[in-house]
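K.L.:
Just a sequence and a predicted model for now, questions to come.
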Amino acid sequence: MSYLRSFLSWIFSLGERERPVKDAAEKLQMSMRVTAKCRYNAAVRLQWQGKFAFFTTTVLSLGLIFVPLVQTSGVNLAFEPDVLNMMQIFLAVSVLVYSVVIGTARYDVRAETLTECGDKLKELIRSIDKDREVKAQLTEADLSSYQEKYSDITTDTENHTRSDYQLATLEMERDYFYTGLVRLKIYLLAHFQRLVPFLLPFLLLAIEVVFIADMIGVTNYFPVYLNGDAIET
């Protein structure tokens, strides 16, 4: 019976979900650790978005070059010239839009700033640890000073997203005790939220690949809808 109770407690995460703190100083340190982890997660997220945006722009640019080259090569194609011209304009606009997105989003700069924020928070946590080794208990003045430094560090950077926080709680297993279905739910929700920004560029890449495959006769999805002449197989 005890095994069943333990299993149910694990599967539904019925036990303590957060490590209890002993005093205000430990609570402040825990808040700093969570924020630092969230900042690092946010930096990784932005780095991946920047890399994928650059990859998307590169592939769309290659498609923009490939379509007119094949068109002028005399190869029998599945689409009429007007359709191919339309696709070239679409690819050109897509490349322009993503170039502007990469320039204005500043993924690398923002990721670096968030990483620096996490590093500063870790240094502040180590300072508190040293003070707590010397003093039996931090005074209100000490806590106010550290709280002010904490606020100064975090206000200089953009805030993290909910998915960054959710992943941080899963990674900080000494401070958060999510198990079973609750842990799985948090994991899936966090990664789904992270995948949303990639859906549109992935759709554009898929359209380009299928269009080029249709154009050279490998597949036959778009010619019927775009009134092209399908290649006889």
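P.N.:
In hand now; what should we look at? Being a predicted model, the structure only gives us computed values, none of them experimental.
K.L.:
so how far is the helix or strand bottoming out on mean pLDDT in the chain off the chain centroid?
P.N.:
Lowest mean confidence among the helices and strands of the chain (mean pLDDT, DSSP states H and E): helix 2-11, at a mean of 86. Remark: helix 2-11 is offset 34 Å from the chain centroid, using CA atoms, centre = their mean, to the nearest Å.
K.L.:
swap in stretch 69-83?
P.N.:
Counting by CA atoms, centre = their mean, stretch 69-83 is centred 38 Å from the centre of its parent chain.
K.L.:
What residues of that stretch count as buried?
P.N.:
When neighbours are counted by 16 or more other CB atoms under 10 Å, the buried residues of stretch 69-83 are found to be 71, 77-79, 83. (C-beta placed from N, C-alpha, C; glycine too.)
K.L.:
any chance of the residues you listed in a markdown table, with secondary structure, pLDDT and distance to residue 5 too?
P.N.:
Formatted as a markdown table, these follow (DSSP: H, G, I helix; E, B strand; the rest coil; pLDDT from 0 to 100; distance: CB to CB, whole Å):
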| residue | secondary structure | pLDDT | distance to residue 5 |
| --- | --- | --- | --- |
| 71 | helix | 90 | 70 |
| 77 | coil | 91 | 68 |
| 78 | coil | 91 | 64 |
| 79 | coil | 92 | 65 |
| 83 | helix | 93 | 66 |
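K.L.:
In a markdown table, list these along with distance to residue 216.
P.N.:
Putting the buried residues of stretch 69-83 into a markdown table (distance: CB to CB, whole Å) gives the following:
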| residue | distance to residue 216 |
| --- | --- |
| 71 | 11 |
| 77 | 7 |
| 78 | 8 |
| 79 | 10 |
| 83 | 14 |
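K.L.:
farthest pair in the residues you listed?
P.N.:
By the measure CB to CB, 71 and 78 form the most distant pair in these, at 11.7 Å.
K.L.:
Now the residue nearest the centre of the chain. Nearest residue, chain neighbours left out?
P.N.:
The centroid of the chain falls nearest to residue 45 when counting by CA atoms, centre = their mean (3.2 Å). The shortest distance from residue 45 to any residue other than its chain neighbours is 6.0 Å, reached at residue 194 (CB to CB, 6 or more residues apart in numbering).
K.L.:
cool, residue 33 as well?
P.N.:
Residue 33 sits nearest to residue 125 (CB to CB, 6+ apart), 6.4 Å away.
K.L.:
Got the phi and psi for the one you found?
P.N.:
Here the main-chain torsion angles of residue 125 (degrees, to the nearest 10) amount to phi -60, psi -40.
K.L.:
so it sits right up against residue 35, yeah?
P.N.:
No. When contacts are counted by CB atoms under 8 Å, residue 125 is not listed as touching residue 35 (10.1 Å).
K.L.:
neighbour-wise, which of those two wins?
P.N.:
Using other CB atoms under 10 Å, the more surrounded residue of residue 125 and residue 35 is residue 35, with 21 against 18.
K.L.:
Secondary structure element holding that one?
P.N.:
Counting by DSSP states H and E, the element that carries residue 35 is helix 24-71.
K.L.:
now residue 204
P.N.:
Assigned by DSSP H and E, residue 204 belongs to helix 180-215.
K.L.:
repeat for residue 133
P.N.:
When elements are defined using DSSP H and E, residue 133 is found to belong to helix 107-134.
K.L.:
Check which helices and strands that helix sits against.
P.N.:
Secondary structure elements in contact with helix 107-134, counted by 3 or more CB pairs under 8 Å, 6 or more residues apart in numbering; DSSP states H and E, are helix 24-71, helix 140-155.
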